[in-house]
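In: task: produce atomic coordinates for the following.
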Amino acid sequence: MDKLPVVVARMWGLDPGPRRGPRPGLTLDLVAAAAIGIADAEGLAGVRMGSVAAALGVSTMSLYGYVASKDELLIAMADAAAPDPPEPGDLTWRDYLTAWTRANRDFLAAHPWLLEIAPLTPPTGPRALRWLDRALSVVTGAGLTAGEAINVATTLSAYAVSSATLLVAMTGTVAETGPEGLAGYTALLGRLVGPGGYPGLAAALESGAFGAASDWVEDADFTFGLTLLLDGIEALITRREENTS
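Out: Numbering: from 1, shown residues only. Next up, the predicted model:
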């Protein structure tokens, strides 16, 4: 059996032993927390092995006992930044997936740098996999197969990522280039598109559909899209029940 990647083993407490002499008192959690603090303040561009070491007051070489590269550091950061998922409790599958997807979106939007690495770092840590586990348990409990449940979870995760990306962009919290917030984006579109080549988009602009900022940055558009997805999941569950009755 192949060995686990060292950073994954450390996230799970399956410590394979020290590498390059870890510094006493330093842990992977502390390294990840320092890197997250830098990413929250400066973006991923500010996260370097040297900057993380400086934040911790240690030498750069000390970090290599915990992460062998920036890629390993990103894996640890992505897991450490994830809060615990909502617990199903007595919620229906639909209410739970609503809460699950909204909470997923919210913690991604709270750490915009996660949006850059989410597609590149499949969940391998205990926190991230706990999110997947809870969704799978609820969906299979509603009558779908494990394969279908995985597809549901990945679809809702992708929706959370796209919704968080839009939320961050429209509130102007990340981009230093391009239009500033929703108003700037709407003004830019108004200068670029017309009814000749983009009749649908031009009509939407004319109707003011892009002007309801509260819909973009609060829950109206998010809830509309999530409802469409949940309606599709409900239709699939209903078909499964009909086929087994």
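
In: residues contacting the residue most central in space within the chain?
Out: By CA atoms, centre = their mean, the mean C-alpha position of the chain lies nearest to Leu108, the distance being 4.4 Å. Shown in contact with Leu108 (CB atoms under 8 Å, 6 or more residues apart in numbering): 114-115, 118, 160-161, 164. From N, CA and C alone the C-beta is placed, and that goes for glycine too.

In: in which helix or strand would I find it?
Out: helix 93-110 (DSSP states H and E).

In: show me what counts as buried in that helix.
Out: Buried positions in helix 93-110, judged by neighbour count with 16 or more other CB atoms under 10 Å: 93-94, 96-105, 107-109.

In: ok so, going back, tell me the confidence at the residue nearest to the centre of the chain?
Out: In the predicted model, Leu108 carries a pLDDT score of 95.

In: repeat for Arg19
Out: Turning to Arg19, the model gives it a pLDDT of 55.

In: again, but for Val8
Out: Taken from the predicted model, the pLDDT recorded for Val8 is 87.

In: setting aside sequence neighbours, what's the nearest residue to it?
Out: With CB to CB, 6 or more residues apart in numbering as the measure, Thr124 is the residue that lies nearest to Val8, at 5.1 Å, once sequence neighbours are left out.

In: what's the separation between the one you found and Ala45?
Out: 24 Å (CB to CB, to the nearest Å).

In: now, among the contacts of Leu108, which is nearest to Pro88?
Out: Proximity of these to Pro88, judged by CB to CB, is greatest for Ala160, which lies at 17.4 Å.

In: the closest one contacts Thr98, doesn't it?
Out: No: here Ala160 does not reach Thr98: they are 11.4 Å apart, not a contact under CB atoms under 8 Å.

In: next, Pro122: secondary structure please.
Out: Assigned by DSSP: H, G, I helix; E, B strand; the rest coil, the conformation of Pro122 is coil.

In: next one: phi and psi at it?
Out: The phi and psi values for Pro122, taken as degrees, to the nearest 10, are phi -60, psi 140.

In: having no further points to raise, I will conclude here.
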